[in-house]
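Student: Any chance you could fold what I've pasted below:
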Amino acid sequence: MSSKGGSQGASAGLFGQLSDRERRLLALAGAGVLFFVGSLAWSGVSSAMEEREAIIEDKEQSLAQVAHLAGNYAENERRRRDLEGRLAGPALPLLGHMQELCDKHHITIRQLSDRKSTTTGDVTEAVVELSGGAGNITDLTALLNELERNPRIIKVKKMRASTTGPAESRSINFTLTVATYATAGKQG
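Tutor: Have a look, this model is predicted:
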């Protein structure tokens, strides 16, 4: 204890021998050292905080991207199930269906022919070509709208239309290529 007290006494004696100016300079130097050590510590803490904030922001962006992809996945799965449901039943007898629709909408059929069915993967495509005439554009539009609204998958692949006759009694001549799709093996 006496050695400890002696060293304190020696430093107090040494400090006591300094002039006021030297004491201020020594206090200023001590404050500078404390400030330097404090700024090093603060720099380390603030850089660690910034690094953690960057990691958190990166994780938040990743979570947002996952949420977006999950939403897209759910929508795509819903569409896929809907499409598979529309393909699942027996194929629509396209020749008879087109005949019924043309009769319903007062459209004259000049030629109705079945093309060869093609199968791609698990899906079979049946194609019918129809040439006919309509009294006015409203009849043809009604036919096309009904084809489009059909719960089965029906697609107008090609359409060509022209008008004939004088302006007051024009009629429409048209050619349609219509396709329907079904799961392979369920073609009717």
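Student: Would you map out the domains in this protein?
Tutor: What the record gives for the chain is the domain set 1-88, 94-183, from automatic domain parsing.
Student: Dump those to TSV, plus mean pLDDT.
Tutor: Below are the domains of the chain laid out as TSV (pLDDT from 0 to 100):
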stretch	mean pLDDT
domain 1-88	84
domain 94-183	85
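Student: need the contact list for residue 107.
Tutor: Contact partners of residue 107, counting by Cβ atoms under 8 Å, 6 or more residues apart in numbering, are 101, 132-134, 139-140, 143. Using the backbone N, CA and C atoms, a C-beta is placed for each residue, glycine as well.
Student: Mind checking which of those residues are in strands?
Tutor: With DSSP state E as the criterion, strands contain 132-134 from among the contacts of residue 107.
Student: Nearest the middle, which residue of the protein would you pick?
Tutor: What sits nearest the mean C-alpha location of the chain, by Cα atoms, centre = their mean, is residue 72, with 4.9 Å.
Student: Okay, and it sits in which element?
Tutor: Per DSSP states H and E, residue 72 falls inside helix 20-88.
Student: what's the burial count for the spatially closest residue to residue 136 that is not a sequence neighbour?
Tutor: With Cβ to Cβ, 6 or more residues apart in numbering as the criterion, residue 136 has its nearest non-adjacent residue at 7.1 Å, and that residue is residue 172. Neighbour count of residue 172, defined by other Cβ atoms under 10 Å: 19.
Student: Please give the three-state secondary structure assignment for residue 172.
Tutor: Secondary structure for residue 172, judged by DSSP: H, G, I helix; E, B strand; the rest coil, is strand.
Student: Quick check: the gap between it and residue 183.
Tutor: Residue 172 sits 35 Å away from residue 183 when distances are taken as Cβ to Cβ, to the nearest Å.
Student: what do you get for residue 54?
Tutor: In this structure, residue 54 and residue 183 are 51 Å apart, going by Cβ to Cβ.
Student: Name the residue in those two with the higher neighbour count.
Tutor: residue 183 (17 against 10).
Student: pretty sure the more buried one is in contact with residue 90, am I right?
Tutor: No - Residue 183 is not in contact with residue 90 according to Cβ atoms under 8 Å; the separation is 9.3 Å.
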